[in-house]
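> give me the fold of what follows.
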Amino acid sequence: MGLWEKSILPRLTDFGMRGKSFREERPKCVGRASGRVLEVGFGSGLNLPHYSDQVTELFALEPSELGRKLSADRVAKAPFPVSFVGLDGASIPLDEASVDSVTCTWTLCTIPDVESALREIRRVLVPGGEFHFMEHGASRIEKVRRFQDRWNPIQKRLFGGCHVNREIDRLVKAAGFESVEHEEYVLPGPRFIGSMYAGSARK
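Below is the predicted model of the structure:
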């Protein structure tokens, strides 16, 4: 991991993801979690203020050492205990059926082995547990999708492996969840990076 991904990109991400549109979206996803929660792609802890009082404990999975350091103040203010549990979404160091909810925001775009990560998310959920996700991905508009496909190699290089053209709903369904419900919409700004998938999947 080079200087850009290790020391600069986490700070840029922390700054950029604090914007109003992101703040307004976060509670629609993580606010639905309850009980013992695993957050995949914890980043700098920007989701923490948006969890409900139904959360009793949170396990944070985050590969960036700097991201974890940037989260320190937010973790200290959280009304529930927060524990860092791992670095790789494709190999989650938690027991099978050990959490009630899993959350993931703007993260499935970046995990290299996203299929394995989604199977791991399903594995650690209790029967009937829910996976709440909010991700950007492939547009349903053909001309936008074509541009996403052309832009994607640049996106991955600039933003730590982030893909703009993953079909998030298809990936979640393929992981074996019993039911997947989601909505698709576009955040303010360019469609090629703002095409959103948000929803929940039940084990």
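
> list the contacts for residue 180?
169, 172, 173, 199, 200, 201 (C-beta atoms under 8 Å, 6 or more residues apart in numbering). Quick note: C-beta positions are derived from backbone N, CA and C, even for glycine.

> and the helix or strand where the fourth one lies, what's buried?
Which is residue 199. Taking DSSP states H and E as the criterion, residue 199 maps to strand 195-202. By 16 or more other C-beta atoms under 10 Å, the buried positions in strand 195-202 come out as 195, 196, 197, 198, 199, 200, 201.

> bridged to the second one, which residues?
Spelled out, it's residue 196. Counting by DSSP bridges, residue 196 is bridged to residue 136, residue 185.

> distance of the residue in the chain sticking out farthest from the centre from residue 194?
Residue farthest from the centre of the chain, counting by C-alpha atoms, centre = their mean, is residue 143 at 26.2 Å. Between residue 143 and residue 194 the distance is 15 Å, computed by C-beta to C-beta, to the nearest Å.

> make a markdown table out of the contacts of residue 180 and add pLDDT and distance to residue 34.
Below are these laid out as a markdown table (pLDDT from 0 to 100; distance: C-beta to C-beta, whole Å):
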| residue | pLDDT | distance to residue 34 |
| --- | --- | --- |
| 169 | 96 | 23 |
| 172 | 97 | 20 |
| 173 | 96 | 23 |
| 199 | 97 | 17 |
| 200 | 98 | 12 |
| 201 | 98 | 15 |
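
> nearest to residue 66, of these?
residue 172 (28.7 Å; C-beta to C-beta).

> hang on, isn't that closest one packed against residue 132?
No: counting by C-beta atoms under 8 Å, residue 132 is not a contact partner of residue 172; they are 10.9 Å apart.

> now do stretch 3-14, average pLDDT.
Averaged over stretch 3-14, pLDDT sits at 88.

> with that, I have no additional questions.
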